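J.: Got a predicted structure plus its sequence, pasted below:
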Amino acid sequence: MGEMGFWSAAQSNPDRCAVVDGSGSELSFAELAARVNRLANGLVSRGVQAGDCVATLLWNRPEWLELALASAQSGTYFLPINWHLSASEVAYILADSGATALVTDERTAQIAVDAAEQAALDPDRRFAVGAVEGFRDVNDLVADQPSTRPSEPRAGEVMLYTSGTTGRPKGIRRPLSGADPEAAVTPMAGLMSSIFAVPSGPNVQLVTGPLYHTTPGSIAVLGLHMGHTLVLMDRWDAEHTLQLIERHRVTYLHLVPTMFQRLLSLPAEVRQRYDTSSLRSVVHGAAPCPVEVKRRMIDWWGPVINEYYGSSEGGGTSVRAREWLERPGTVGRPWPGSTISILGDDGEECPANRPGAVYIKMPGFDFQYHNAPEKTRESSRGGFFTVGDIGYLDEDGYLFLSGRSAELIISGGVNIYPAEIEGRLIEHPAVADVGVIGVPNEEWGEEVKAVVQVQDGASASSELAEELIAHCRAGLARYKVPRSVEFRDQLPRTDAGKLLKRQLRDEYWAATGRQL
């Protein structure tokens, strides 16, 4: 499989292109390594210590990768934050994580400025790529710093925030090992190579999704550790994807089903115009993919469409295209070292082909939800954890997903939990009760809908619906804001007061003849 480790790759192949940014500018492995090392030394000079948390609110640009790699050899937690979030949401994450530094850029400036103030982040540790009011130029952080690695490099960890079924997002925090950074990354790089069918060496990865997302960010960094060249997309576009595949002879990339849909929607003459024969592995996951959509992609690009199922917490399954064609709809068998268990309501393991809650176990990937021990307990059982998905294993151990928690909405590959949205809506004086659900959307899979019972004295109207949407827009990330609001006299609840969300949601899905 070849040697692993970014710094080893920089020594062995210093002139190899490491990153091509959205403008087409290139950085070699040697140039990137020097910038990474200066940044790591600069953070130490500002008092950032092992165990601290370094946050980033950056677009898809080389500086994101530099910060990730600097953190990875400094024994710190690297926290990539979704730049679609509102300032108050970002402030909560900064405060909850205990972030000691934040790096942003001009495109996310206003959110970063407001969030840093709300979280009372040390002004001396606010840095920006470009000019941002109240933030120091990141070049000041690396000026006069040595381009050599820290004297005692120690492995860091990525800390991700995942939306929860109740209330605020929760940070996924793993213990720091203190190991050598390259030794620590070798098992993960090997796992990626196995799952995604991509060897180390001179491969080219097209980075299509925002780096703050779990999979695009992690496979980008792992790609550098495997000696690959990364081509960063500034914004995703279907035809531009084809242009970049042809121009850079891309060998692998990650897509979500919504991207498949948009690629397939291109006119036939556009799809046939570009050479995609360099592709060796096209990885998809993050959302259910309709069987027919995947078949059409395999017909177009060949048997290179490889699927995975997993979560930020760790562990999962994968399936290669040829296996999938024999079992359409499966999300595969467990990764090496991972175990899947299907448990019924009684907590007992289900026999083959009987649906139950999907539990995953991945030794060596222990985690806690930061500041949320109750959530850690609720999602765990006997060393396994669940994110609420429902599925079954066939006789050969292939996992099929047959449903999921009624809470989760997946829109365009992004997980959305209704609790935050419901919490925002219930603050409005006209709202007596509310349920937020996902309803069918042909392009995105699902979209967010709010079903509202109004307070006595308030009038359900299109004007109130617009007011409630505006109320959400003022405090939530755009992708969480309901596309529509429907009013009801009363929401379905049990005698104990529990909202029958599955019943509410199923009414909309049944009307379309589609299933989750």
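T.: Great, that's in hand.

J.: tell me which residues in whichever strand or helix holds Trp7 are buried?
T.: Trp7 belongs to helix 6-12 when elements are defined using DSSP states H and E. Buried positions in helix 6-12, judged by neighbour count with 16 or more other CB atoms under 10 Å: 6-7, 9-10. Just so you know, the C-beta spots here come from the backbone N, C-alpha and C atoms, and that holds for glycine as well.

J.: same check, this time on stretch 22-31
T.: The neighbour-count criterion (16+ other CB under 10 Å) identifies 27-31 as the buried residues of stretch 22-31.

J.: So what's the residue count around Gly190?
T.: Residues within reach of Gly190, counting by other CB atoms under 10 Å, total 16.

J.: same question, Val138
T.: Residues lying near Val138 (other CB under 10 Å) number 21.

J.: Now do the phi/psi pair for it.
T.: Dihedral pair for Val138: phi -60, psi -20, per degrees, to the nearest 10.

J.: so what's it closest to, chain neighbours aside?
T.: Leaving aside its chain neighbours, Val138 sits nearest to Phe127 (4.5 Å; criterion: CB to CB, 6 or more residues apart in numbering).

J.: The one you found: which element?
T.: Applying DSSP H and E, one finds Phe127 within strand 126-129.

J.: so what strands line up beside that strand?
T.: strand 101-105 (parallel), strand 136-137 (parallel) (DSSP bridges).

J.: can you tell me how far Asp140 sits from Asp124?
T.: 11 Å (CB to CB, to the nearest Å).

J.: and if you look at Val434?
T.: 42 Å.

J.: Val414 now?
T.: In terms of CB to CB, Val414 sits 34 Å off from Asp124.

J.: What of Arg173?
T.: Distance from Arg173 to Asp124, by CB to CB: 25 Å.

J.: More neighbours: those two, which one.
T.: Each of Arg173 and Asp124 has its neighbours counted (other CB under 10 Å); Arg173 has more, 20 against 10.

J.: Surely the more buried one and Phe367 touch.
T.: Yes. Counting by CB atoms under 8 Å, Phe367 is a contact partner of Arg173 at 6.4 Å.

J.: What's the local residue count around Gln110?
T.: Using other CB under 10 Å, Gln110 has 13 other residues around it.

J.: So it lies in a helix, does it not?
T.: Yes. Assessed by DSSP: H, G, I helix; E, B strand; the rest coil, Gln110 belongs to a helix.

J.: Could you report the neighbour count for the closest residue to it other than its chain neighbours?
T.: Leaving aside its chain neighbours, Gln110 sits nearest to Ala87 (7.5 Å; criterion: CB to CB, 6+ apart). When counting by other CB under 10 Å, one arrives at 18 neighbours for Ala87.

J.: measure Ala87 to Asp389 for me?
T.: When Ala87 is compared with Asp389 (using CB to CB), they lie 32 Å apart.

J.: What ranges does the stretch 401-516 of the chain have for its helices?
T.: 418-426, 462-473, 501-512 (DSSP state H, counting those that start in this stretch).

J.: Would you convert the ones you listed into JSON lines that also reports distance to Arg61, mean pLDDT and mean neighbour count?
T.: Output for those, formatted as JSON lines (distance: least, CB to CB, whole Å; pLDDT from 0 to 100; neighbours: other CB atoms under 10 Å):
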{"stretch": "helix 418-426", "distance to Arg61": "28", "mean pLDDT": "82", "mean neighbour count": "20"}
{"stretch": "helix 462-473", "distance to Arg61": "27", "mean pLDDT": "95", "mean neighbour count": "15"}
{"stretch": "helix 501-512", "distance to Arg61": "38", "mean pLDDT": "76", "mean neighbour count": "15"}
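
J.: In JSON lines: those, plus distance to Asp346.
T.: Converted to JSON lines, those look like this (distance: least, CB to CB, whole Å):
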{"stretch": "helix 418-426", "distance to Asp346": "27"}
{"stretch": "helix 462-473", "distance to Asp346": "39"}
{"stretch": "helix 501-512", "distance to Asp346": "20"}
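
J.: Of these, which is nearest Arg354?
T.: Each of these has some distance to Arg354 by CB to CB; the shortest is helix 501-512, at 19.1 Å.

J.: what angle separates that closest one from helix 418-426?
T.: Angle of helix 501-512 versus helix 418-426, following axes from the mean of the first three to the mean of the last three CA atoms, to 10 degrees, is 100 degrees.

J.: From the contact counts, what lies against helix 501-512?
T.: If contacts are counted by 3 or more CB pairs under 8 Å, 6 or more residues apart in numbering; DSSP states H and E, helix 501-512 sits against strand 431-441.

J.: Let's test this: mean pLDDT of the strand it packs on, rounded?
T.: Mean per-residue pLDDT for strand 431-441: 88.

J.: ok, and what's touching it?
T.: Where contact means CB atoms under 8 Å, 6 or more residues apart in numbering, the residues beyond strand 431-441 that reach it are 406, 408-411, 416, 418, 421-422, 425-426, 446-456, 468, 482-484, 490-491, 499, 501, 504-505, 508-509, 512, 514.

J.: I'd like to check the angle between that strand and helix 462-473, please.
T.: Using the same axes, to 10 degrees: strand 431-441 against helix 462-473 is 80 degrees.

J.: Can you give the strand pairings for strand 431-441, parallel or anti for each?
T.: Applying DSSP bridges to the sheet, strand 431-441 is found paired with strand 445-454 (antiparallel).

J.: the helices in the stretch 251-400 of the chain, which residues?
T.: 257-264, 268-271, 291-301, 321-326, 373-379.

J.: Point out the most buried one among the ones you listed.
T.: Among the helices of the stretch 251-400 of the chain, the stretch with the highest mean neighbour count (mean count of other CB atoms under 10 Å) is helix 257-264, at a mean of 20.

J.: counting contacts, what elements does that helix pack onto?
T.: helix 238-248, helix 291-301.

J.: buried set for the first one?
T.: When you say that, I think you mean helix 238-248. Neighbour-count burial for helix 238-248 flags 238, 241-242, 244-245, 248 (criterion: 16+ other CB under 10 Å).

J.: for stretch 202-221, same thing?
T.: 203-221.

J.: With stretch 185-198 instead?
T.: Neighbour counts over stretch 185-198 (16+ other CB under 10 Å) mark 185-186, 188-193, 195-198 as buried.

J.: Check the average confidence over it, would you?
T.: Averaged across stretch 185-198, the pLDDT comes to 85.

J.: Can you give the contact residues for it?
T.: Against stretch 185-198 from outside (CB under 8 Å, 6+ apart): 1, 4-6, 72, 155, 199-200, 205, 219, 222, 225-226, 228, 251-252, 280-281, 283, 306, 308, 318, 320, 335-337, 364.

J.: Only whichever of those are buried, select them in ChimeraX.
T.: Selection of buried members from these for ChimeraX, criterion 16+ other CB under 10 Å:
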select :4,5,6,72,155,199,200,205,219,222,225,226,228,251,252,280,281,283,306,308,318,320,335
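
J.: Now do the contacts for Leu263.
T.: Counting by CB under 8 Å, 6+ apart, Leu263 has contacts 238, 241-242, 255, 271, 297.
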